[in-house]
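**Q** below is the sequence, then the predicted model.
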Amino acid sequence: MRFFLRLIVLTLFLFSFKGSHPFYLGITEMKYNSKEKIMETTFKLFTNDLEDALKKIYKTKIDLINGKDKAAINTILTNYLNQHFKVNWNVKPEKQFFDFIGFEHESEAIWIYVQYPAPESPKFLEIENTLLYDYLSSQTNIVHVDVNGVKKSSKVSNPEKKLVFEF
């Protein structure tokens, strides 16, 4: 529990920087909703880092705050997440696919919302997280998972990418 609280405090501290920031950190929060049988997932990334990474990949300027074509931006974000965030649970061999809900801008960060259909409560989660790795060699990603009130957290730093959670 102390580890989880320290991660929350560190997260709040790091996302309080304005403009340029000395740390490259992404936060993913996953919560199993047993009533609706979904895994609610939220990604929080620095806006400028995500825009720069997308520009590098797609060879065009991406404006997540003032972009006019929201459908195109949603497609780009969906494709990016599909390539850089993979979830497998309960030792099933197939990759899990998500429903893209949307995104919003807050201060210096972008919040992205997705849902994974989850007909059964996860007992084992294997996550591959390489968000922003292709752009930032010092990127660190923290993942918080809440399954039926049991909360666990872990982190990966580039080039590490695999996280495993057991419930």
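**A** Structure received. Numbers count the residues shown, from 1 in each chain.
**Q** three-state assignment of Tyr80?
**A** When states are read from DSSP: H, G, I helix; E, B strand; the rest coil, the local structure at Tyr80 comes out as helix.
**Q** please disregard the earlier target; I meant Asp134.
**A** Of the three states, Asp134 takes coil according to three-state DSSP.
**Q** dump the helix or strand hosting Ser153 to PDB, restricted to CA.
**A** When elements are assigned from DSSP states H and E, Ser153 belongs to strand 150-157. This file holds the C-alpha atoms of strand 150-157, laid out as PDB (Å, rounded to 0.1, in the frame of the first residue of the first chain):
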ATOM      1  CA  VAL A 150      -7.200  -5.200  -5.100                       C
ATOM      2  CA  LYS A 151      -4.800  -2.500  -6.200                       C
ATOM      3  CA  LYS A 152      -1.400  -3.200  -7.700                       C
ATOM      4  CA  SER A 153       1.200  -0.900  -9.400                       C
ATOM      5  CA  SER A 154       4.300  -1.400 -11.400                       C
ATOM      6  CA  LYS A 155       6.600   0.500 -13.800                       C
ATOM      7  CA  VAL A 156       8.700  -0.100 -16.900                       C
ATOM      8  CA  SER A 157      11.400   2.100 -18.200                       C
END
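**Q** list the contacts of it.
**A** Residues from elsewhere that reach strand 150-157, judged by Cβ atoms under 8 Å, 6 or more residues apart in numbering: 3-4, 7, 129, 138-145, 162-163, 165, 167. For every residue, glycine as well, the C-beta is placed using N, CA and C.
**Q** hmm, which of these are the buried ones?
**A** When burial is judged by neighbour count using 16 or more other Cβ atoms under 10 Å, the buried members of those are 7, 129, 139-145, 163, 165.
**Q** from those residues, which has minimum pLDDT?
**A** Lowest pLDDT of those: Leu7, 50.
**Q** and stretch 119-130, how far apart are its ends?
**A** Using Cα to Cα, to the nearest Å, the end-to-end distance of stretch 119-130 comes to 26 Å.
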